[in-house]
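**Student:** sequence and predicted structure are below.
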Amino acid sequence: MSLQTAAENSFQQTIVKAVETHGIGLHTAVKSHVRLLPAPPDTGIVFRRTDLDGFEIEAHIRNVARVSYATSLMKQGVLLSTTEHILAAIYACGIDNIYIEIDALELPILDGSAQPYIEMLDGAGLRRQKRRRTYLKAVKSMEVSDGDRRIGIYPSSEFRVTCFVDYSHPKVGRQEVELAVNSATFRRELAVARTFGFLSDFDGLRAMGLIRGGTLENAIVLTADDVMNGPVRFPDEFVRHKALDLIGDLALIGKPLRAHVVAHKAGHSLHTQFVTRLLAESSLWVETHAPEAPQPAKSTLRPRFSHPAHATD
Ligand SMILES: [Zn+2]
């Protein structure tokens with residue numbers, strides 16, 4: 001990374017021009033139109049319900065609603081569902097300020113990955129703004145757990161994510177990814193990884209009013225022992241998608257992160273509990289303007305089948 005790039009990274013960014021897409025929601029099957037617009041410095045990532053007079057919902061953990069199979073925001077009774085894929089794309093690309101206009105209550109699932117949102121952002125272009133960024137930099141470790149699910153944060157000079165899953169399914173099993181998160185690594189390693197679901201869960205999910213918009217075109221469907229609609233895009237597409245979801249939920253911190261986040265069999269509910277606790281415990285982090293010196297390039301993605309040790313981090 002050149003010094004010039006490092007300096008550029010310390011300034012806020014927005015997009016250059018408006019771009020739009022449309023599709024149906026995974027859970028509601030409701031059709032929506034999404035339009036991304038440039039926003040002034042210090043705006044953050046803000047959704048606007050254009051069907052409700054432009055009602056604004058900030059992409060911030062204080063607005064998280066119930067969380068189960070997707071992350072939903074709620075503000076003054078106005079709901080917005082399945083925010084994680086678009087937020088993952090925006091956060092990983094280092095976009096600080098953007099308006100996301102939407103005319104319905106759920107983001108479109110598109111192909112089940114973040115790639116269509118990355119392509120939208122490419123069409124919009126990035127613009128550096130005059131205001132400096134404020135990073136949230138972890139200075140202490142913290143973990144939250146729920147049974148054998150856990151998620152932890154550890155001091156690191158860069159934004160890193162490790163994600164581990166363990167499903168007793170012959171096409172999934174134990175998978176792990178670890179990467180420094182930036183626009184290049186996100187595009188290369190995670191953006192195309194799709195939502196997945198187990199056929200055996202579908203009746204229950206439908207009975208709960210979920211996955212009404214799910215099709216073989218927007219999710220990987222796993223039967224008892226196989227993938228119904230292969231081929232997969234990576235053998236470990238499943239854990240890559242979980243890492244994508246995690247990054248989308250970390251966007252709710254509202255600031256770029258300088259920390260290593262390790263998620264072990266976690267999901268949206270634990271992710272959002274974790275972000276709530278992180279922001280509540282201000283002794284765990286500092287806010288800093290200084291860009292960190294880039295770390296020497298490590299392998300960006302290496303499957304490891306043991307939980308990473310953090311004693312030396
Ligand atoms: Zn997802």
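**Tutor:** All right, it came through fine.
**Student:** so Ala266 touches Asp249, yeah?
**Tutor:** No: counting by Cβ atoms under 8 Å, Ala266 does not reach Asp249; the two are 9.3 Å apart. (C-beta placed from N, C-alpha, C; glycine too.)
**Student:** so between the two, which is more surrounded?
**Tutor:** Per other Cβ atoms under 10 Å, whichever of Ala266 and Asp249 has more neighbours is Asp249, with 29 against 26.
**Student:** which one is the more buried one nearest to, not counting chain neighbours?
**Tutor:** His271 (3.8 Å; Cβ to Cβ, 6 or more residues apart in numbering).
**Student:** the one you found sits in which helix or strand?
**Tutor:** For His271, the element it lies in under DSSP states H and E is helix 268-280.
**Student:** and that helix, average pLDDT?
**Tutor:** For helix 268-280, mean pLDDT rounds to 96.
**Student:** ok, the residue nearest to Asp249 to Val161 distance?
**Tutor:** 11 Å (Cβ to Cβ, to the nearest Å).
**Student:** and the helix or strand following the helix holding His271, what's buried?
**Tutor:** Counting by DSSP H and E, the element after helix 268-280 in chain order, helix or strand, is strand 285-288. Buried residues in strand 285-288, defined by neighbour count with 16 or more other Cβ atoms under 10 Å: Trp285.
**Student:** against which helices or strands is strand 285-288 packed?
**Tutor:** strand 135-138 (3 or more Cβ pairs under 8 Å, 6 or more residues apart in numbering; DSSP states H and E).
**Student:** could you give the angle of the helix or strand following the strand it packs on to helix 268-280?
**Tutor:** Remark: after strand 135-138, the chain's next helix or strand is strand 142-146, criterion DSSP H and E. If you take axes from the mean of the first three to the mean of the last three Cα atoms, to 10 degrees, strand 142-146 sits at 150 degrees to helix 268-280.
**Student:** Leu250 and Asn218: what is the separation?
**Tutor:** Taking Cβ to Cβ as the measure, Leu250 falls 23 Å from Asn218.
**Student:** neighbour count winner among these two?
**Tutor:** Leu250 (29 against 19).
**Student:** show me what contacts that one?
**Tutor:** Taking Cβ atoms under 8 Å, 6 or more residues apart in numbering, we find Leu250 in contact with Tyr91, Val161, Leu257, Val261, His271, Val275.
**Student:** strand partners (parallel or antiparallel) of the helix or strand Cys163 falls within?
**Tutor:** Take DSSP H and E as the rule and Cys163 turns out to sit in strand 160-167. Partners of strand 160-167 in the sheet, by DSSP bridges, are strand 173-180 (antiparallel), strand 260-264 (parallel).
**Student:** could those strands be laid out in CSV, adding mean neighbour count and mean pLDDT?
**Tutor:** Formatted as CSV, the strands paired with strand 160-167 follow (neighbours: other Cβ atoms under 10 Å; pLDDT from 0 to 100):
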stretch, mean neighbour count, mean pLDDT
strand 173-180, 20, 98
strand 260-264, 24, 98
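**Student:** out of those strands, which comes closest to the ion?
**Tutor:** Set against the ion and scored by Cβ to the ion, the strands paired with strand 160-167 come closest in strand 260-264, at 13.2 Å.
**Student:** nearest residue to Gly214 other than its sequence neighbours?
**Tutor:** Here the residue nearest Gly214, using Cβ to Cβ, 6+ apart, is Leu26, at 5.8 Å.
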